[in-house]
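Q: Could you work out the structure for the sequence below:
(chains A and B)
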Amino acid sequence: DTGVSQNPRHKITKRGQNVTFRCDPISEHNRLYWYRQTLGQGPEFLTYFQNEAQLEKSRLLSDRFSAERPKGSFSTLEIQRTEQGDSAMYLCASSLTGTGGDEQFFGPGTRLTVL
Amino acid sequence: AQTVTQSQPEMSVQEAETVTLSCTYDTSESDYYLFWYKQPPSRQMILVIRQEAYKQQNATENRFSVNFQKAAKSFSLKISDSQLGDAAMYFCAYTVGSQGNLIFGKGTKLSVKP
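A: Residues are numbered from 1 along each chain as shown, chains lettered A, B, ... in the order given. Model prediction:
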């Protein structure tokens, strides 16, 4: 297994367009997380799944954002009607749930630029 | 609000020397876990070290160790014998109980001088 992968690595779009990102976690990991990182900041939590169930969503995740994890494998994050403020690095991570404080393995991220 | 504060935006260390990165956090929970993650330039984030809040003993991983002061809510990272490959952004983070989400600080950019 080569770790967490994300596609595309870079996405440039015009304001108002919809975009979709994909994350493939480490195969045996049951948890999958999405974070957003803007320049000069640490990652901010968006949402996470345990298997196919979306267990928590941040207040940062507006109605324009939706995430899915069908069949508990890969996940997609869609942003509708993109705004310039959505420009950021979108990070995906996965973990194998244990007793708590599980190590999260991060992907390389998708950098979104909204013009 | 749950927060993590890293008061040093940038730090610099000479190769082979020791450097300490500071972190304070704020949570009212008793069951939590603390982490230091490293993000090299244009590369993905990796875990450096992890500490369970219920353990008094400070975690160590080779050249990396922490100074965990629970009462002060302080969790600093010490890097000994610094190497050029240690140059990166370092993020302090924590998660509560079995919850999944990590709460990150803004990071400290570490430069290593040859």
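Q: and chain B, which of its residues are near chain A?
A: Residues of chain B found near chain A (Cβ under 8 Å from any Cβ of the partner chain) are B:4, B:31-33, B:35, B:37, B:43-47, B:50, B:52, B:91, B:93, B:95, B:97-107. Every residue, glycine included, has its C-beta placed from N, CA and C.
Q: Write a ChimeraX command that selects only the buried members of these.
A: Per 16 or more other Cβ atoms under 10 Å in any protein chain shown, the buried members of these correspond to this ChimeraX selection:
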select /B:4,32,33,35,37,44,45,50,52,91,93,95,99,100,101,102,103,104,105,107
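Q: Please identify which helix or strand holds the closest residue to B:Ala16 other than its chain neighbours.
A: In this structure, B:Ala16 finds its nearest non-sequential neighbour in B:Asp81, 5.7 Å apart by Cβ to Cβ, 6 or more residues apart in numbering or on different chains. For B:Asp81, there is no host helix or strand (DSSP states H and E).
Q: residues near B:Asp81, how many?
A: By other Cβ atoms under 10 Å in any protein chain shown, the residues close to B:Asp81 number 11.
Q: Contacts only, for it.
A: B:Asp81 sits next to B:Ala16, B:Glu17, B:Thr18, B:Arg63 when contact means Cβ atoms under 8 Å, 6 or more residues apart in numbering or on different chains.
Q: could I get those as CSV with distance to A:Glu68?
A: Below are the contacts of B:Asp81 laid out as CSV (distance: Cβ to Cβ, whole Å):
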residue, distance to A:Glu68
B:Ala16, 49
B:Glu17, 48
B:Thr18, 46
B:Arg63, 41
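Q: Closest one of those residues to chain A?
A: For these, the closest approach to chain A (Cβ to the nearest Cβ) belongs to B:Arg63, at 18.7 Å.
Q: do you know how far the closest residue to A:Gln6 other than its chain neighbours is from B:Tyr25?
A: Nearest residue to A:Gln6 in three dimensions, chain neighbours excluded: A:Gly107, at 4.1 Å (Cβ to Cβ, 6+ apart). Per Cβ to Cβ, to the nearest Å, A:Gly107 is found 25 Å from B:Tyr25.
Q: which residues touch B:Lys73?
A: Per Cβ under 8 Å, 6+ apart, neighbours of B:Lys73: B:Thr24, B:Tyr25, B:Asp26, B:Thr27.
Q: Nothing else from me, thank you.
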